[in-house]
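S.K.: 3D model of this:
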Amino acid sequence: MRNRTRVTAPVAALIGTATALTMGSPAFAAGRGNAGETNGDGTPGRGYGDEGAETLGDPVYPGLGNDGYRVRSYDLDLAYDATTKLVDGTVTIELRTTESLTRFSLDALGLGIRSVRVQGRTAGFEQADEKLRITPARTLPAKARVTVCVEYSVDPSRAAAPTGGWVVTPDGFAVCGQPNLAHTVFPCNDHPSDKADFTFRITVPDGLRGVANGQLVCTERLDGDRTAFSYRSRSPMATELVQITVGDYVIKDRQGPHGLPLRDVVPTARAAALEPALALTPGLVDWLEQRLGAYPFETYGLLPCNSDDPNAFDFTGLETQTLTLYKPNFLLQVESRIGSHMMHELVHSWFGNSVSPATWADLWLNEGHADFYGLLYRYERGWADSLGLTTMEARMKDTYARGDQWRHDSGPVAAPNAVNLFDSQRYLGGVLVLYALRELIGEDTFHAVERDFLARYRDSSATTEDYIAVASRVSGQDLSGFLRDWLYGTATPRMPGHPDWTVTPVKPSLTVPHSRTGGHFHDNSATL
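M.R.: Numbers count the residues shown, from 1 in each chain. Below you'll find the predicted structure:
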């Protein structure tokens with residue numbers, strides 16, 4: 001994942017974008033209605049009527065999602081104007097209702113909504129906080145397949161990272177929706193538990209290229225010196241994993257293990273300089289397939305975003321599905337400085353993308369696994385880590401000593417909040433849990449647990465309890481107490497096989513380097 005701390009986007013700034021883009025719009029004015037109700041804690045509630053709960057109850061981001069339906073597919077049609085730097089968008093959503101709905105909502109923030117249609121009919125709508133509330137012309141029956149079409153505009157520069165999901169570049173943009181910002185890019189049910197199929201059509205002026213997740217299925221030459229690029233993702237995807245980029249890019253194709261198509265999207269002027277890093281991918285895929293099984297998607301590649309602005313985005317790499325977003329200058333370093341983190345991001349294709357977290361409290365499953373295999377690869381290659389350590393055992397002993405302090409400062413591994421979600425406890429703390437499990441059940445059984453979990457929950461989402469259940473079944477022993485102590489306990493348990501390891505006593509006044517300070521974000525992966 002994006003290896004950093006994340007806080008909820010300031011709502012007022014992005015709502016200002018929506019206001020500016022929709023002022024005077026007849027469609028917007030016609031769609032406005034009464035604001036819905038909220039719960040006592042200020043999160044969206046049911047409002048009135050049969051609306052579907054305006055939340056999926058996530059423990060970290062409780063305001064996101066809607067429980068009145070499940071999305072089957074998104075079709076995104078975006079057009080970029082290189083003169084105004086604005087994006088016009090249309091998203092067509094196929095959903096299935098879970099109950100009868102007189103009104104329902106999508107997550108949407110900073111978007112200028114122009115019109116909404118439900119089943120082809122004009123629908124009323126209003127924008128309130130991070131919700132687009134929609135009133136269809138007719139009540140939607142339960143278990144019905146419904147088509148929703150929303151037309152909107154957005155100014156990427158006013159909804160840019162880190163408080164929005166857009167990365168602005170000199171020649172276009174990329175997007176970064178993780179964890180809770182995809183709805184600043186397109187209206188959606190913005191939660192990883194509601195994965196869906198995706199298609200994309202990106203229209204750009206000649207001289208630029210539009211790219212998205214999955215594989216290119218069509219290129220159309222249009223009037224006005226424009227080209228439309230269409231892509232389809234073969235596997236369902238969480239909204240936070242969407243990638244759409246526009247810019248002066250060249251596509252670099254190569255072949256991975258077993259004929260896997262590899263596709264890198266590279267700034268044209270930097271293609272030669274970035275080639276040594278891009279050429280590492282086939283070997284990384286091969287190493288990981290030997291441990292986790294076949295790569296789960298139709299293609300993989302890197303997107304070194306065409307920006308050197310250090311503030312363009314506040315992470316090194318982001319595992320958008322089939323196309324990992326990177327800061328380009330990071331990839332210009334020698335292999336020993338980048339290989340471990342490239343492995344970290346690749347691991348997310350299995351843990352995080354193929355199997356997504358059912359809630360954001362399950363983030364350790366993504367980041368713990370990504371750092372676990374990223375560190376294993378580092379030490380196998382003989383590269384010292386940032387502490388100068390050269391073995392997993394040495395790094396885990398150091399991490400173990402910090403365990404109680406991290407639990408004090410950041411809570412248990414599987415109990416984050418919105419402020420500490422991306423700190424070291426989810427990364428190295430997660431590695432420590434996996435290391436303890438491997439020490440207890442042995443390496444062969446541990447690998448069997450990993451493969452069984454990935455196979456069982458492929459193309460869906462899974463909880464921490466799901467992982468515990470798989471580990472218990474595959475190992476043939478009840479591991480629920482052991483793993484829950486490691487994941488939810490306020491004190492660090494004893495490490496199996498290492499009775500001599502000790503935990504440093506907690507210092508309540510200690511300021512820890514893995515927490516957010518001064519309003520800035522930084523990477524917390526141990527693979528950097």
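
S.K.: At which residues are the helices of this protein located?
M.R.: Using DSSP state H, the helices of the chain run over 11-22, 26-31, 271-278, 281-292, 335-347, 363-381, 392-401, 403-410, 424-441, 443-456, 464-475, 480-488.

S.K.: Now mean pLDDT too, for the ones you listed, in a markdown table please.
M.R.: Listed next are the helices of the chain as a markdown table, based on pLDDT from 0 to 100:
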| stretch | mean pLDDT |
| --- | --- |
| helix 11-22 | 42 |
| helix 26-31 | 30 |
| helix 271-278 | 98 |
| helix 281-292 | 98 |
| helix 335-347 | 98 |
| helix 363-381 | 98 |
| helix 392-401 | 98 |
| helix 403-410 | 97 |
| helix 424-441 | 98 |
| helix 443-456 | 98 |
| helix 464-475 | 98 |
| helix 480-488 | 98 |
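
S.K.: With residue 146 as the reference, measure out to residue 181.
M.R.: 25 Å (CB to CB, to the nearest Å). Glycine gets a C-beta too; all of them are placed from N, C-alpha and C.

S.K.: Flag the shaky bits of this protein, pLDDT-wise.
M.R.: Scanning the chain for pLDDT under 70 picks out 1-49, 509-522.

S.K.: Can you tell me the closest non-neighbouring residue to residue 420?
M.R.: With CB to CB, 6 or more residues apart in numbering as the criterion, residue 420 has its nearest non-adjacent residue at 4.6 Å, and that residue is residue 410.

S.K.: pretty sure residue 392 is touching residue 376, no?
M.R.: Yes: between residue 392 and residue 376 there is a contact under CB atoms under 8 Å: 6.3 Å.

S.K.: still on that earlier bit, who's more crowded, residue 181 and residue 146?
M.R.: Higher neighbour count among residue 181 and residue 146: residue 181, with 28 against 18, using other CB atoms under 10 Å.

S.K.: residues contacting the residue nearest to the more buried one when sequence neighbours are not counted?
M.R.: Of all residues not flanking residue 181 in the chain, residue 165 sits nearest, at 3.6 Å (CB to CB, 6+ apart). By CB atoms under 8 Å, 6 or more residues apart in numbering, the contact set of residue 165 is 159, 175-177, 181-185.

S.K.: From those residues, which land in strands?
M.R.: Those of those mapping onto strands are residue 175, per DSSP state E.

S.K.: Could you work out the end-to-end span of stretch 205-216 for me?
M.R.: End-to-end distance for stretch 205-216: 18 Å, by CA to CA, to the nearest Å.

S.K.: So what sits opposite residue 255 in the bridge?
M.R.: Residue 255 has these beta-bridge partners by DSSP bridges: residue 261.

S.K.: Could you tell me which residues make contact with it?
M.R.: Residues near residue 255 by CB under 8 Å, 6+ apart: 261-262, 282.

S.K.: from those, which would you call buried?
M.R.: Among those, those classed as buried by 16 or more other CB atoms under 10 Å are 262, 282.

S.K.: picking up where we left off before, need the contacts of residue 165 in JSON lines (columns: distance to residue 301).
M.R.: Converted to JSON lines, these look like this (distance: CB to CB, whole Å):
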{"residue": "159", "distance to residue 301": "26"}
{"residue": "175", "distance to residue 301": "16"}
{"residue": "176", "distance to residue 301": "16"}
{"residue": "177", "distance to residue 301": "18"}
{"residue": "181", "distance to residue 301": "22"}
{"residue": "182", "distance to residue 301": "21"}
{"residue": "183", "distance to residue 301": "26"}
{"residue": "184", "distance to residue 301": "25"}
{"residue": "185", "distance to residue 301": "20"}
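
S.K.: State the pair within the contacts of residue 165 that is farthest apart.
M.R.: Across the contacts of residue 165, no pair lies farther apart than 176 and 183, at 12.9 Å, counting by CB to CB.

S.K.: isn't residue 480 right next to residue 472, touching?
M.R.: Yes: counting by CB under 8 Å, residue 480 touches residue 472, with 6.2 Å between them.

S.K.: Who has more neighbours out of these two?
M.R.: Between residue 480 and residue 472, residue 472 has the larger neighbour count (other CB under 10 Å), namely 17 against 13.

S.K.: Can you show me the strands along the stretch 201-350 of the chain?
M.R.: 209-212, 215-222, 226-232, 244-247, 249-255, 261-267, 302-304, 317-318, 324-326 (DSSP state E, counting those that start in this stretch).

S.K.: The fourth one: how far from the chain's middle?
M.R.: Okay, so that is strand 244-247. Distance of strand 244-247 from its chain centroid, counting by CA atoms, centre = their mean, to the nearest Å, is 17 Å.

S.K.: mind exporting that strand as CSV, just the C-alpha atoms?
M.R.: C-alpha atoms of strand 244-247 as CSV (Å, rounded to 0.1, in the frame of the first residue of the first chain):
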residue,chain,number,x,y,z
ILE,A,244,-5.9,6.4,-14.5
THR,A,245,-3.1,8.4,-15.9
VAL,A,246,-2.6,10.9,-18.7
GLY,A,247,0.7,12.3,-20.0
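
S.K.: Counting by contacts, list what it packs against.
M.R.: Other elements packing on strand 244-247 under the criterion 3 or more CB pairs under 8 Å, 6 or more residues apart in numbering; DSSP states H and E are strand 69-80, strand 172-175, strand 197-205, strand 209-212.

S.K.: Check the longest one too.
M.R.: Applying 3+ CB pairs under 8 Å, 6+ apart, one finds that strand 215-222 contacts strand 226-232.

S.K.: coming back round to it: want to throw the helices of the chain into TSV with distance to residue 246?
M.R.: Shown next, in TSV, are these (distance: least, CB to CB, whole Å):
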stretch	distance to residue 246
helix 11-22	19
helix 26-31	26
helix 271-278	17
helix 281-292	23
helix 335-347	22
helix 363-381	27
helix 392-401	40
helix 403-410	37
helix 424-441	31
helix 443-456	33
helix 464-475	37
helix 480-488	41
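
S.K.: For residue 213, which of those helices is the nearest?
M.R.: helix 335-347 (14.8 Å).

S.K.: now the angle from the closest one to helix 363-381?
M.R.: If you take axes from the mean of the first three to the mean of the last three CA atoms, to 10 degrees, helix 335-347 sits at 150 degrees to helix 363-381.

S.K.: Give me the buried positions along helix 335-347.
M.R.: 338-347.

S.K.: Only the C-alpha atoms, please, for it, written as PDB.
M.R.: Extracted in PDB, the C-alpha atoms of helix 335-347 (Å, rounded to 0.1, in the frame of the first residue of the first chain):
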ATOM      1  CA  GLU A 335      19.200  -2.200  -7.400                       C
ATOM      2  CA  SER A 336      20.200  -2.700  -3.700                       C
ATOM      3  CA  ARG A 337      18.400   0.500  -2.800                       C
ATOM      4  CA  ILE A 338      15.100  -0.300  -4.600                       C
ATOM      5  CA  GLY A 339      14.800  -4.000  -5.100                       C
ATOM      6  CA  SER A 340      13.300  -4.800  -1.600                       C
ATOM      7  CA  HIS A 341      10.700  -2.100  -1.900                       C
ATOM      8  CA  MET A 342       9.800  -3.100  -5.500                       C
ATOM      9  CA  MET A 343       9.200  -6.600  -4.000                       C
ATOM     10  CA  HIS A 344       7.000  -5.000  -1.300                       C
ATOM     11  CA  GLU A 345       4.800  -3.300  -3.900                       C
ATOM     12  CA  LEU A 346       4.600  -6.500  -6.000                       C
ATOM     13  CA  VAL A 347       3.500  -8.600  -3.000                       C
END
